[in-house]
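Student: Next comes the sequence, and after it the predicted model I'd like to discuss.
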Amino acid sequence: MTPSSSSIDCLNGNPPSPTPYTVLATVSTCRVESYTPYNPRVKLAAALTTLLITTLTWASNLNTCAPYIRSHVNTLTSAAAEFNIPPELLTALVKQESYGDPNATLYYRGSGPQLEALYRSQAPRWDAALKMGWTYHDLASSMGLTQMLGSTAWSMGAHYPPSKLLEPSLNLRLGARYLSDMRDRFGSWETALEAFNAGETRVANGDIPLMSVGYAERIINEWGRLLACEGRQ
């Protein structure tokens, strides 16, 4: 067998260093490549084992450093891994949005009526939602752990009764997916958070409210606190 470059590094006592939030099977993979023929199934099993161990470690650390998410930490770490988001960042967002209360709902007195009026003017677009039991008030309300806006969730394919958005597993997956999409679009977590708060259209137009800038800063600061608490910063 001709060792790969990573195998050579391992044989020299220098296993490849994982980048932040990228799960790599290091020591176990080194041993496999050094002593057995290449077997992608073995490598996949090693990587999945490492992913499981890493996820359990994240969950254990977050239980200690973020007690407000303790009841949902396994669901949160799973959603974070699915959409390639640092679990501490998603945890910080949940703290800002709901402080871990899965039943949290919010209807802004200022923007809520404006959103309702907008949705009424787009009535055909929301016919299916209304037939499923949604109201314009629901569409204009933020719900659950990540405070997903009803209209955003529906547009993302969450075609369920509005009460289902309060289920932690669905809400966390929707919030994680939306944040990941915003990062893909705008290129940074900071701008993704601003879009999560202000809406992607406003951010795309360069109209970022100071409130949203402060929102992103608070979440990033909490993200840093969690990393420091876990000893990863």
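Tutor: Ah, there it is. Numbers count the residues shown, from 1 in each chain.
Student: Pull the contacting residues for residue 70.
Tutor: If you count contacts by C-beta atoms under 8 Å, 6 or more residues apart in numbering, residue 70 has them with 62, 63, 100. In short, each C-beta sits where N, CA and C put it, glycine included.
Student: run the last query once more with 6 Å
Tutor: Residues near residue 70 by C-beta atoms under 6 Å, 6 or more residues apart in numbering: residue 63.
Student: Show me what stretch 116-125 is in contact with.
Tutor: Residues outside stretch 116-125 that contact it (C-beta under 6 Å, 6+ apart) are 126, 136, 139, 140.
Student: Just the buried residues of it, please?
Tutor: 116, 119 (16 or more other C-beta atoms under 10 Å).
Student: tell me how far the ends of that stretch are from each other?
Tutor: 13 Å (C-alpha to C-alpha, to the nearest Å).
Student: how would you label residue 208: helix, strand or coil?
Tutor: Taken by DSSP: H, G, I helix; E, B strand; the rest coil, the conformation at residue 208 corresponds to coil.
Student: Tell me how far it lies from residue 169.
Tutor: Residue 208 sits 31 Å away from residue 169, going by C-beta to C-beta, to the nearest Å.
Student: nearest spatial neighbour of residue 207, skipping sequence neighbours?
Tutor: If the residues on either side of it in the chain are set aside, residue 207 comes closest to residue 198, at 7.8 Å by C-beta to C-beta, 6 or more residues apart in numbering.
Student: pretty sure the one you found is touching residue 213, no?
Tutor: No: Residue 198 lies out of contact with residue 213 (C-beta atoms under 6 Å); the separation is 9.1 Å.
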